[in-house]
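Undergrad: quick one, fold the following:
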Amino acid sequence: MARIRVLVVDDSVVIRRLLTDSLRADPAIEVVGIAANGQLAQAKIAQLAPDLVTMDIEMPVMNGIEAVRALRAAGHRMPVIMFSTLTERGAAATLDALAAGATDYVTKPSNVGSLTEALARVAAELLPRIKALVPHARPGGTSPGGRSAPRARGAAPRPAG
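TA: You can find the predicted model right below:
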């Protein structure tokens, strides 16, 4: 089975490294690229056709909410998991991101004792969601790049006979 292709989008070098290390530890996942803001993510998505994107909310140039809106407006349907700090202000931003078309959210680890603990927390929270959301792991999934395969409206399969 093909590995799940993930693009990591976050303006923090530390968080990008934490995410990529956590994801690369799982043999079912391939980190195909990273981007430091939503604008760079748009170009990377067009170039790399990831199956799923992890996206920070607060970033310079183009934030995560604007980036999700732009992805959906361009027809991209791959899952986008918002990966952000969940404060009161962050909670409102997460709801905005979900309304804009994000698929799910995961809270960034905070107040952890060590890098090992942070990696374990990210893996425990993020990996099951990635595996549950990527359609090509199941029959009838989407094509690479997250665009749904064309299907006629209202068309139902005809019974054999």
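Undergrad: this protein: helices as residue ranges?
TA: Assigned by DSSP state H, the chain shows helices spanning 13-24, 38-48, 64-73, 88-100, 115-133.
Undergrad: quick one: which of the ones you listed is nearest Asp56?
TA: Evaluated over these, closeness to Asp56 peaks at helix 64-73, with 5.4 Å, by CB to CB. Using the backbone N, CA and C atoms, a C-beta is placed for each residue, glycine as well.
Undergrad: tell me which other helices or strands that closest one touches.
TA: helix 38-48, strand 52-55, strand 80-84, helix 88-100 (3 or more CB pairs under 8 Å, 6 or more residues apart in numbering; DSSP states H and E).
Undergrad: re earlier: deepest in the core, which of the helices of the chain is it.
TA: helix 64-73 (a mean of 21; mean count of other CB atoms under 10 Å).
Undergrad: thinking again about what came up before, for the helices and strands packed on helix 64-73, give me CSV that also has distance to Glu117.
TA: Converted to CSV, the helices and strands packed on helix 64-73 look like this (distance: least, CB to CB, whole Å):
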stretch, distance to Glu117
helix 38-48, 28
strand 52-55, 19
strand 80-84, 17
helix 88-100, 21
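Undergrad: ranking the helices of the chain by mean pLDDT, which is last?
TA: Mean pLDDT is lowest for helix 88-100 out of the helices of the chain, coming in at a mean of 75.
Undergrad: and that helix with strand 80-84, angle?
TA: 170 degrees (axes from the mean of the first three to the mean of the last three CA atoms, to 10 degrees).
Undergrad: which strands or helices does helix 88-100 pack on?
TA: helix 64-73, strand 80-84, strand 104-107.
Undergrad: got TSV for those, with distance to Ile29 too?
TA: Formatted as TSV, the helices and strands packed on helix 88-100 follow (distance: least, CB to CB, whole Å):
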stretch	distance to Ile29
helix 64-73	20
strand 80-84	12
strand 104-107	14
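Undergrad: which one of these lies closest to Asp21?
TA: Proximity to Asp21 (CB to CB) singles out strand 80-84 among the helices and strands packed on helix 88-100, at 13.9 Å.
Undergrad: in contact with the residue nearest the centre of the chain, which residues?
TA: Closest residue to the average C-alpha location of the chain: Val53 at 2.5 Å, with CA atoms, centre = their mean. Val53 makes contacts with Val6, Leu7, Val8, Val9, Ala41, Ile45, Leu71, Met78, Pro79, Val80, Ile81, as judged by CB atoms under 8 Å, 6 or more residues apart in numbering.
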